[in-house]
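only the shape, not the letters, is given here:
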């Protein structure tokens, strides 16, 4: 079967976090013998990386190319918030995507869209009776609830989708309420986005820690360096710990320089890894003592939480988005209020001082 995947972000290089869960999804489809064609925005930087079994096609939406700043980097929500003029790029991409998808995905047997608008709307418009799975995110729900005509748009997306994927039952109910639909109006799937399974590594955890230069209690952050992810909160909490900790920050983004400066000002023992993938990412997940994801309101359900769970790594995260519905009962996770440095510090200290709890 040939599957068309329509999205506003897809990894452009190894370690790129933009739509990384979609790469896992596409690879899963390929492993089952399907072909995948991806339509995603063209980025300012040229992308020449080929993923085996996946045909990655980019959609130009502004010229000169350097003006294409609506997607990637900090992500569309933050990009649009920082520079409202980038909404022009969102509009031109929507129009370009509609034209290109109708032409380039016409021979696909099924469609998958990530983000309700413009991708879910485009896929619903061109589906023509084909199977269409629309993935709905936290940002979609906030956007549809605010824009004029959001209800009509949500209904149109639902009518053109044979099924929808939500992070939680609460997200599904919010979408149904926004669209004014009954609970049986759509077929739905509930759960986090897909992740890559753990990779086998040579050597044990102690050997990995020596190789990475890790000697004491170590906290790991893995994700985009943008305000939404709350890395500044992690640094402030780390500066106040009773038990000093080493912090590994894996990822990149527009807030990196600011965060590096903050870490120095606070005297935090922090190492910024940049983008990570493959064995290096696996090594960090195995060698660290805990993963900290201090997300702020607006974040949905970070896939890194489930990557950590799959490896038995303790978690400290916040009660935002769909996180509480998925992790409240998890013995691995401590949940704290967002933007509460004291609570975050206490949760980390609890882990640092209780080896049995970490185990």
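Alright, I've got the coordinates. Fair warning: this is a prediction, and the values are worked out from it, not measured in the lab.

do a quick rundown of the strands in this structure.
Under the criterion DSSP state E, the chain carries strands at the ranges 2-6, 35-41, 54-59, 110-114, 131-135, 163-166, 188-190, 218-222, 246-250, 269-274, 290-293, 315-318, 333-336.

mean neighbour count and distance to residue 228 added to those strands, as CSV?
(C-beta placed from N, C-alpha, C; glycine too.) Below are the strands of the chain laid out as CSV (neighbours: other Cβ atoms under 10 Å; distance: least, Cβ to Cβ, whole Å):
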stretch, mean neighbour count, distance to residue 228
strand 2-6, 24, 23
strand 35-41, 22, 20
strand 54-59, 18, 25
strand 110-114, 26, 18
strand 131-135, 23, 19
strand 163-166, 21, 20
strand 188-190, 15, 23
strand 218-222, 23, 13
strand 246-250, 23, 15
strand 269-274, 16, 18
strand 290-293, 26, 11
strand 315-318, 25, 11
strand 333-336, 20, 17
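
present those as TSV; the columns should include distance to residue 90 and mean pLDDT.
TSV is the format used below for the strands of the chain (distance: least, Cβ to Cβ, whole Å; pLDDT from 0 to 100):
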stretch	distance to residue 90	mean pLDDT
strand 2-6	15	98
strand 35-41	10	96
strand 54-59	12	93
strand 110-114	15	97
strand 131-135	18	98
strand 163-166	22	96
strand 188-190	26	93
strand 218-222	28	97
strand 246-250	29	97
strand 269-274	28	95
strand 290-293	27	97
strand 315-318	28	96
strand 333-336	33	94
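
so what does residue 17 have for phi and psi?
phi -80, psi -10 (degrees, to the nearest 10).

got a list of contacts for stretch 201-220?
234, 238, 243-248, 250, 279, 282-292, 313, 348, 352 (Cβ atoms under 8 Å, 6 or more residues apart in numbering).

what about that stretch, distance to the chain center?
26 Å (Cα atoms, centre = their mean, to the nearest Å).

next, the buried residues of it.
208-209, 212, 214, 217-220 (16 or more other Cβ atoms under 10 Å).

which of those residues lies closest to residue 64?
residue 220 (38.8 Å; Cβ to Cβ).

what's the closest non-adjacent residue to that closest one?
Distances taken as Cβ to Cβ, 6 or more residues apart in numbering put residue 288 closest to residue 220, at 3.8 Å, once the chain neighbours are dropped.

from residue 222, how far out is the residue nearest the centre of the chain?
Of all residues in the chain, the one closest to the mean position by Cα atoms, centre = their mean is residue 302, 5.4 Å from it. Per Cβ to Cβ, to the nearest Å, residue 302 is found 9 Å from residue 222.

got the contact list for residue 16?
residue 275.

pLDDT score assigned to residue 355?
The model reports residue 355 with a pLDDT of 67.

low-confidence stretches in the stretch 251-359 of the chain?
355-359 (pLDDT under 70).

re earlier: mind giving me the ChimeraX command for buried ones among the contacts of stretch 201-220?
ChimeraX command restricting the contacts of stretch 201-220 to the buried ones, with burial defined by 16+ other Cβ under 10 Å:
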select :234,238,245,246,247,248,250,282,283,284,285,286,287,288,289,290,291,292,313,348,352
